[in-house]
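Trainee: heads up, no residue letters with this:
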Ligand code: URA
């Protein structure tokens, strides 16, 4: 491969020109040697000018080729979300699909910006190993692992830098990040949860549709079936938000006691992959698969059982409770998921510098969701936070709640489905 003058390549993208395949391949191939400031500049140029369909395909393929792949398996399926607040569906879906007989080789990510990440959530469980070797992945019929130096290595670098350089909401970068991971898993089918709304990386449904089409097109080119569901992300999903907190709610869901909005999405994702998970949730086999997955990924069997029986006896929980009460009687009209996600992230549940430690025990329990009737003084939400939290964070949390005199209508979060037949051919 010929040497590349990086500042010239950056200037080309900065000035709005499309990059050639060999330029993208060179950049990704040498990513490990390129300083972070040049990677950051590359990402910002992509964010500002976008990547066209060809550049997106070249980037995805270059990222895929830089790492190893699992062998292709006919009954391997997976799901990925573009990121939300309270988005814990993968943790419920993976064991439920396994209980239905599917192979689930799931590569997931850490939190990005104000959204939570499946890997961070799993790392709140003592002993859970999120960095499996390829050998361990191959032996494992249902796992959730992060990108490693062996598999999806360049996504791991770009992902961490995007998180702290405001370069997440770019259709081409999201497509390449997600699809390079999914193609490395050797799957047959994939369902994507493409979120739109205030707390999503795509604010409007038209942008989410464009992202969905981009991912469905690239996934199809890479040889697996892909369907995308566009889902609304203005309000938090479920009642528990944060890392430990979402593990607690995952266990409730697997015990058949999950909130309706969360289970609606999990069932829809399973159905899109051709599975009905009703039975495996009600007969406890999905919960058993969750326990087996924890054990296969390093959690001591007695800790896994204790987690299922009494989650808070195992998980970290921040020491101070801050409860916000209704200042008037009425109905909950709004809970702003973007503000809530940002407050959680800034309080320490997420990162603002690369590689920062997070506090798994910081989180929120929502006592009353959208549409609920409340009386003045009722608890609306409780934040588990550190002692002496910045009062401005609590004030912002307060401002995220709107109570009105009339009841707002609640509806399904699912707007539409995008398959390859819905994608334009240009
Ligand atoms: N999830 C990913 O894996 N990558 C993104 O860019 C966004 C969500």
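Mentor: Thanks, I have it. These numbers were taken from a predicted model, which means no experiment stands behind them. Numbering: from 1, shown residues only.

Trainee: which strands or helices does the lowest-mean-pLDDT helix or strand in the chain pack on?
Mentor: Least confident helix or strand of the chain, by mean pLDDT, DSSP states H and E, is helix 153-164 with a mean of 94. If you count contacts as 3 or more Cβ pairs under 8 Å, 6 or more residues apart in numbering; DSSP states H and E, helix 153-164 packs onto helix 36-49, helix 53-66, helix 171-184. For glycine as for every other residue, the C-beta is placed from the backbone atoms N, C-alpha and C.

Trainee: same list, those helices, but as a markdown table with mean neighbour count please.
Mentor: Formatted as a markdown table, those follow (neighbours: other Cβ atoms under 10 Å):
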| stretch | mean neighbour count |
| --- | --- |
| helix 36-49 | 18 |
| helix 53-66 | 22 |
| helix 171-184 | 26 |
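
Trainee: which one of those helices lies closest to the ligand?
Mentor: Relative to the ligand, the nearest member of the helices and strands packed on helix 153-164 by Cβ to the nearest ligand atom is helix 171-184, separated by 3.5 Å.

Trainee: from the chain's centroid, how far away is the closest one?
Mentor: Helix 171-184 sits 13 Å away from the centroid of its parent chain (Cα atoms, centre = their mean, to the nearest Å).

Trainee: cool, and stretch 218-226?
Mentor: 20 Å.

Trainee: ends of it, what's the gap?
Mentor: Using Cα to Cα, to the nearest Å, the span of stretch 218-226 from its first residue to its last is 9 Å.

Trainee: buried sites along it?
Mentor: Neighbour counts over stretch 218-226 (16 or more other Cβ atoms under 10 Å) mark 218-219, 222, 224-226 as buried.

Trainee: from the residues you listed, which ones fall inside helices?
Mentor: Among these, the ones falling in helices (DSSP state H) are 218-219.

Trainee: quick one: which two of the buried residues of stretch 218-226 are the most distant?
Mentor: Across the buried residues of stretch 218-226, the longest distance by Cβ to Cβ is 12.9 Å; it joins 218 and 225.

Trainee: residue nearest the centroid of the protein?
Mentor: The residue lying closest to the centre of the chain (Cα atoms, centre = their mean) is residue 83, at 4.0 Å.

Trainee: excluding chain neighbours, what is closest to that residue?
Mentor: The shortest distance from residue 83 to any residue other than its chain neighbours is 3.7 Å, reached at residue 115 (Cβ to Cβ, 6 or more residues apart in numbering).

Trainee: so that neighbour sits right up against residue 342, yeah?
Mentor: No: here residue 115 does not reach residue 342: they are 10.1 Å apart, not a contact under Cβ atoms under 8 Å.

Trainee: does the closest residue in space to residue 81 that isn't next to it in sequence have beta-bridge partners, and which?
Mentor: Computed as Cβ to Cβ, 6+ apart, the closest residue to residue 81 that is not its neighbour in sequence is residue 193, at 4.0 Å. Beta-bridge partners for residue 193, by DSSP bridges, are residue 81, residue 229.

Trainee: looks like residue 193 contacts residue 78 (just checking).
Mentor: No: counting by Cβ under 8 Å, residue 193 does not reach residue 78; the two are 11.6 Å apart.

Trainee: got the contact list for the residue in the stretch 201-350 of the chain positioned nearest to the ligand?
Mentor: Nearest residue of the stretch 201-350 of the chain to the ligand: residue 201, at 6.7 Å (Cβ to the nearest ligand atom). With contact taken as Cβ atoms under 8 Å, 6 or more residues apart in numbering, residue 201 is in contact with 82-83, 112-113, 115, 168-169, 174, 195.

Trainee: what strand or helix carries residue 22?
Mentor: Applying DSSP states H and E as the criterion places residue 22 in helix 21-29.

Trainee: mind giving me the packing neighbours of that helix?
Mentor: Short answer (3+ Cβ pairs under 8 Å, 6+ apart): helix 21-29 packs on helix 6-14, helix 53-66.

Trainee: run the last query once more with 7 Å
Mentor: Applying 3 or more Cβ pairs under 7 Å, 6 or more residues apart in numbering; DSSP states H and E, we find helix 21-29 packed against helix 53-66.
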